[in-house]
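*Asks:* need the 3D shape of this:
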Amino acid sequence: MVNESLIFDEEKTRQLILYLASKADIGKTKLMRLLYLIDFTAYEKTGKSITNDTYEHSTLGPVPRKIWKQCDELLPAIANRVSEARPAGKYIRSVPRKNPDLSIFTQTEREVIDGIVKQYGTKIEQELGDMVRGEFPYRLTKKDEVIPYYLATYRNHKKLTPAQIKKLRADKGYMKRLRDAYKLFKKEQSRQDAV
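*Replies:* Residues are numbered from 1 along each chain as shown. Have a look, this model is predicted:
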């Protein structure tokens with residue numbers, strides 16, 4: 001049974017974005033990828049994400065739905081956008097306007113966040129994109145589908161080959177269980193959104 005009643009935590013998300021902007025060179029796309037890594041790692045370790053946002057399968061990789069929709073308003077409110085010329089073209093990064101309030105995070109959340117920043121903060125967007133799009137939760141879902149948090153436990157399993165994914169998708173019993181869990185998740189999410 002999927003138990004993913006999520007209530008988006010806007011304040012914790014703001015502080016997390018401020019913290020990421022203070023620790024890593026981030027633009028919007030890299031931010032989305034780091035948030036995915038943080039939320040799914042936190043879920044894997046604690047059974048809860050940090051932002052409580054819903055992630056969906058996008059061509060960019062896993063994207064947090066509410067943060068993505070609010071990003072163009074949220075980022076300028078908490079960080080200055082600095083434009084830089086880079087070999088690949090114009091790059092816009094976020095520089096925080098104030099220090100984040102880290103007291104909002106539990107010790108375990110801080111450890112997850114710091115671990116992700118240390119491991120992936122210096123990676124370029126393309127490298128992160130290739131990595132997150134190669135993860136099992138992303139590869140198992142299709143464009144615009146929700147990526148259920150319960151798939152976080154499979155993130156660090158051996159990467160599946162396209163043939164293995166095709167075989168999983170062809171397994172009607174497995175896919176039925178996955179789709180049923182997804183429907184239950186969507187029903188619960190709709191109920192939470194109505195509250």
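*Asks:* distance check, the residue nearest to the spatial centre of the chain against Q164.
*Replies:* When Cα atoms, centre = their mean is applied to the chain, the residue found nearest the centroid is Y36 (1.7 Å). Y36 sits 22 Å away from Q164, going by Cβ to Cβ, to the nearest Å. Where C-beta positions appear, they are placed from N, C-alpha and C, glycine not excepted.
*Asks:* also I67?
*Replies:* I67 is 31 Å from Q164, by Cβ to Cβ.
*Asks:* need the phi and psi values for S49.
*Replies:* As for S49, its main-chain torsions (degrees, to the nearest 10) stand at phi -90, psi 170.
*Asks:* more neighbours, I67 and Q164?
*Replies:* Neighbour count, other Cβ atoms under 10 Å: between I67 and Q164, I67 has more, with 24 against 13.
*Asks:* what sits against the closest residue to the more buried one other than its chain neighbours?
*Replies:* For I67, ignoring the flanking residues on the chain, the nearest one in space by Cβ to Cβ, 6 or more residues apart in numbering is D53 at 5.4 Å. Going by Cβ atoms under 8 Å, 6 or more residues apart in numbering, D53 touches 6, 8, 13, 35, 39, 64-67.
*Asks:* try 10 Å
*Replies:* 6, 8-10, 13, 35-36, 39, 63-70 (Cβ atoms under 10 Å, 6 or more residues apart in numbering).
*Asks:* any low-confidence regions in this protein?
*Replies:* Low-confidence segments of the chain (pLDDT under 70): 1-6, 88, 90-92, 156-160, 182, 185-186, 188-189, 192-195.
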